[in-house]
Every structure is written in structure tokens, then in C-alpha cells.
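Participant: A predicted structure for the sequence below; I have some questions about it.
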Amino acid sequence: MEQKVQNTIESLKRNNIAARYFDSSKEAVEVLLKEINADKVIGIGGSMTIKTLELDKLFVENGNEVCFHWLEQTPEKMEAARRKAAVADIYFSSANAITEKGQLVNTDGVGNRVAAMIYGPAKVIIIIGINKITSNLDTALERIKNNAYKNARRLKLNTPCSINEKCSSCNSPQRMCNVTTIIDKKPSRTEMEVIIIGEELGF
Ligand code: SF4
């Protein structure tokens, strides 16, 4: 295990957040599917990492009720899925960055993902690739700004970063960066676990 992963796991545990490491996403997915019963309602926040691991599809196949707005076709159904996910038994998401001090750093446009990470679901599981580990908060925020254009392009947003590949602190109506949160320690009423995977995942 790389030193930065070890530092992050030790810091998370000091911050009262459970933490595990898997070399591969395949291994992590196998363990999660064994551990989570089919009667649990699964909420999912917008995440390329979760989508890459196909957890949405696998939990549906497992018989779980899955609340994930990316699976819905209309704005009304997407909104209903966001709201239901916010009170799920288990909420899955990634984070935009994690520091070696064990801080989870996220920037959202809507805010449903960051809100659900803090309060609402009984348990939150954050899955994160090693590419998102940064040494400190400054580099975490820098990482988020430097990678935001990838999400803007994925979502086909009309923002300056989508064209220039860099942030200009825009006032675009489609701006994605409206809420930034830092989880320093486990939110007191939410069970929380971070799973670090030894692969590059998400943006
Ligand atoms: S503030 Fe605007 S330009 Fe900067 S990353 Fe966010 S959406 Fe892109």
C-alpha cells in the first residue's frame, strides 16, 4: 500500500471515519455485495466512480431498491430519486478529493450529494480512487477546480471551463460550483466509511 494511502487511512480512523483499502475495484465490489443485504434501500449520489463500478446495476440485480437520479428519464423522476436517496439506508458516493489528513472535500452544483453525505441516510459509503488523494486542503481545492471541466463536458454544460479547461470563477447560469463542503470528522449522526481503491477512478 502506498504511503499516502496509509496516511489517509490512519487519519480517517483518527477522525472517527471507518476506512478500508482494496487493491482493485473488483475486489471491493465483491465484498460490498456480500456485506449488504437485499432489504437495504440504496441511495446513490452523482458519481462516475460508482457508475464505473456498476454498483447501481449490481444492487438492482441483487434485489435492492436503488434510488439514483442518473437512472431516471424525466426531471420530475430525477428529483424524486434525489429526495428518496437522501433518506436511504445506505448512500454511496465518491468525493472530489480526500486529504492525507482524512478530510473529504466536495463541490456540488445542486448540493444533494454533499447534503446526503452529512445527514439523512443511516450510513454513507464513500468510494474513492487513489488519484483523488491530495496532501492538504489547498491541493484538494486546486484538484477540484482543475478537474471540474471534465464534469462540465460530461454534462454538456455551457460554462467557461467546458471550453477552456480551466476555471474562471464564472457566473454562468449552469455553474456547477455552488457549494463546497469539507468533512473534517465523522458527522455525529451518520455512520460513515471510506473505501480507498488502488486504481484511478472518476475525475
Ligand atoms: S466556477 Fe464556473 S468555470 Fe469554474 S469550474 Fe465551476 S463551472 Fe467551471
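Facilitator: Thanks, I have the structure now.

Participant: from here on, contacts and neighbour counts on C-alpha atoms
Facilitator: Noted.

Participant: Return the backbone torsion pair for Cys161.
Facilitator: Reported as degrees, to the nearest 10, the phi and psi values for Cys161 are phi -60, psi -30.

Participant: Near the ligand, which residues of the protein are found?
Facilitator: Residues of the chain lying close to the ligand (CA under 6 Å from any ligand atom) are 145, 148-149, 159-161, 167-170, 175-177.

Participant: which of those are buried?
Facilitator: Buried members of the residues of the chain next to the ligand, scored by 16 or more other CA atoms under 10 Å, are Lys145, Ala148, Tyr149, Thr159, Pro160, Cys161, Cys167, Arg175, Met176, Cys177.

Participant: Need the residues of the chain next to the ligand in TSV (columns: secondary structure and pLDDT).
Facilitator: Formatted as TSV, the residues of the chain next to the ligand follow (DSSP: H, G, I helix; E, B strand; the rest coil; pLDDT from 0 to 100):
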residue	secondary structure	pLDDT
Lys145	helix	95
Ala148	helix	93
Tyr149	helix	94
Thr159	coil	95
Pro160	helix	95
Cys161	helix	95
Cys167	coil	94
Ser168	coil	93
Ser169	coil	93
Cys170	coil	95
Arg175	coil	95
Met176	coil	94
Cys177	coil	96
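
Participant: nearest to Leu53, of the residues you listed?
Facilitator: Using CA to CA, Ala148 is the member of these that sits closest to Leu53, with 20.8 Å.

Participant: So the closest one versus Met176, what's the distance?
Facilitator: 8 Å (CA to CA, to the nearest Å).

Participant: about what we covered before: could you provide the residues of the chain next to the ligand in JSON lines, with additional columns for distance to Leu71?
Facilitator: Output for these, formatted as JSON lines (distance: CA to CA, whole Å):
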{"residue": "Lys145", "distance to Leu71": "27"}
{"residue": "Ala148", "distance to Leu71": "22"}
{"residue": "Tyr149", "distance to Leu71": "23"}
{"residue": "Thr159", "distance to Leu71": "25"}
{"residue": "Pro160", "distance to Leu71": "28"}
{"residue": "Cys161", "distance to Leu71": "26"}
{"residue": "Cys167", "distance to Leu71": "29"}
{"residue": "Ser168", "distance to Leu71": "31"}
{"residue": "Ser169", "distance to Leu71": "30"}
{"residue": "Cys170", "distance to Leu71": "29"}
{"residue": "Arg175", "distance to Leu71": "23"}
{"residue": "Met176", "distance to Leu71": "20"}
{"residue": "Cys177", "distance to Leu71": "23"}
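
Participant: for those, which one is nearest Ile42?
Facilitator: Distance to Ile42 across the residues of the chain next to the ligand (CA to CA) is lowest for Met176, with 24.8 Å.

Participant: hmm, back to that, mind putting the buried ones among the residues of the chain next to the ligand in JSON lines, distance to Leu53 included?
Facilitator: Formatted as JSON lines, these follow (distance: CA to CA, whole Å):
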{"residue": "Lys145", "distance to Leu53": "24"}
{"residue": "Ala148", "distance to Leu53": "21"}
{"residue": "Tyr149", "distance to Leu53": "22"}
{"residue": "Thr159", "distance to Leu53": "28"}
{"residue": "Pro160", "distance to Leu53": "30"}
{"residue": "Cys161", "distance to Leu53": "27"}
{"residue": "Cys167", "distance to Leu53": "28"}
{"residue": "Arg175", "distance to Leu53": "27"}
{"residue": "Met176", "distance to Leu53": "24"}
{"residue": "Cys177", "distance to Leu53": "25"}
